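Asker: This is a predicted model, with the sequence first.
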Amino acid sequence: MQYKTLIYSLENNVATVSMNRPDVMNGLNTQMRAELLHAVKRSEAEARVLVLTGEGKSFCSGQDLGDARKVSDIDLEGTLRDEYDPLLRAIFDCRIPTIAAVNGAAAGAGANLALACDVVIAAESAIFLQAFSRIGLIPDAGGTYWLPRQIGFARAMGAALFAEPVSARQAADWGMIWEAVPDSVFDKRINERASHLAKGPTEGYRLTKKALRLSFDQTLDKQLESEAHLQGRAGRTYDFKEGVMAFLEKREAKYEGR
């Protein structure tokens with residue numbers, strides 16, 4: 001597939017998907033959402049890590065409100081169900097680790113698209129903005145799910161109601177993202193993190209993601225049962241055997257699992 005709104009590259013088992021509408025701060029329209037869904041599924045088949053980022057000075061400004069001729073033409077419920085939901089599920093359920101490389105402003109659905117990824121790394125100049133209340137809307141694209149879980153109810157409510165920018169450093173302090181790094185070393189840091197995961201035990205990563213996410217909806221007894229089951233599956237993989245042998249032989253492990 002030839003993309004018109006994205007740049008897709010694959011190198012050293014890392015698929016990089018760059019949203020490429022810098023003239024509108026990488027605002028999401030119907031075509032970009034469809035292409036992102038295709039690119040996520042493609043990376044899952046071709047790579048061991050997915051990096052999602054934006055071209056230009058912004059990560060993603062969210063829904064492109066200029067995409068409709070008039071406000072009455074906007075079907076928010078249908079757009080969320082038909083276009084956003086499949087994309088968010090594809091990112092959330094992706095079998096390989098996903099990194100949001102937030103190079104600039106991430107606003108509205110763009111912020112929540114980043115939060116759908118497993119790890120969010122942001123340049124210190126980046127901001128996160130739940131802009132929805134400014135136009136009379138509620139946080140969508142998973143915002144009402146991610147935010148309370150990552151930063152707690154009080155901060156999630158404040159971020160949603162006041163619609164004030166949260167700096168990358170503050171987002172890291174709150175636990176909204178994994179880390180904020182100086183702009184001067186941002187690209188290098190993303191490459192380091194992606195390379196680390198690309199060389200790691202992919203199936204172990206997938207099972208780790210599943211185990212952690214199950215914990216929000218389970219009792220301790222049920223979670224311990226799930227842990228034992230998932231650990232049993234991990235222990236039967238090639239990567240586990242290779243990891244143990246590498247440890248005993250004092251060498252770097254060479255993982256192959258997908």
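Answerer: Great, that's in hand.
Asker: Please count neighbours and contacts with C-alpha atoms only from this point.
Answerer: Fine.
Asker: From Ala234, how far off is Glu225?
Answerer: As judged by CA to CA, to the nearest Å, Glu225 and Ala234 stand 14 Å apart.
Asker: of those two, who's got more company?
Answerer: Ala234 (20 against 12; other CA atoms under 10 Å).
Asker: Strands along the stretch 151-258 of the chain, start to end?
Answerer: Under the criterion DSSP state E, counting those that start in this stretch, strands of the stretch 151-258 of the chain are mapped to 166-167, 179-181.
Asker: Next, format these as CSV and append mean pLDDT.
Answerer: Output for the strands of the stretch 151-258 of the chain, formatted as CSV (pLDDT from 0 to 100):
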stretch, mean pLDDT
strand 166-167, 98
strand 179-181, 98
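Asker: And these: which comes nearest Lys210?
Answerer: The closest of the strands of the stretch 151-258 of the chain to Lys210 is strand 179-181. By CA to CA, the value is 21.9 Å.
Asker: Quote the end-to-end distance of stretch 231-245.
Answerer: End-to-end distance of stretch 231-245 (CA to CA): 18 Å.
Asker: scratch that, stretch 16-23 is what I was asking about
Answerer: 20 Å.
Asker: try stretch 112-119
Answerer: Start-to-end span of stretch 112-119 (CA to CA) is 12 Å.
Asker: and that stretch, how far from the chain's centre?
Answerer: The chain centroid and the centroid of stretch 112-119 are separated by 3 Å under CA atoms, centre = their mean, to the nearest Å.
Asker: Flag every buried residue along it.
Answerer: Under the neighbour-count criterion of 16 or more other CA atoms under 10 Å, stretch 112-119 has 112-119 buried.
Asker: nearest to Arg95, of those?
Answerer: When those are ranked by distance to Arg95 (CA to CA), Asp118 comes first, at 10.9 Å.
Asker: quick one: pLDDT of the closest residue to the closest one other than its chain neighbours?
Answerer: Residue nearest to Asp118 in three dimensions, not counting chain neighbours: Thr98, with 5.2 Å by CA to CA, 6 or more residues apart in numbering. In this model, Thr98 is scored at 98, pLDDT.
Asker: Give the residue spans of the protein that score low on pLDDT.
Answerer: Residue ranges of the chain with pLDDT under 70: 67-73, 257-258.
Asker: let's see it at 90
Answerer: The model of the chain has pLDDT under 90 over residues 1, 65-75, 256-258.
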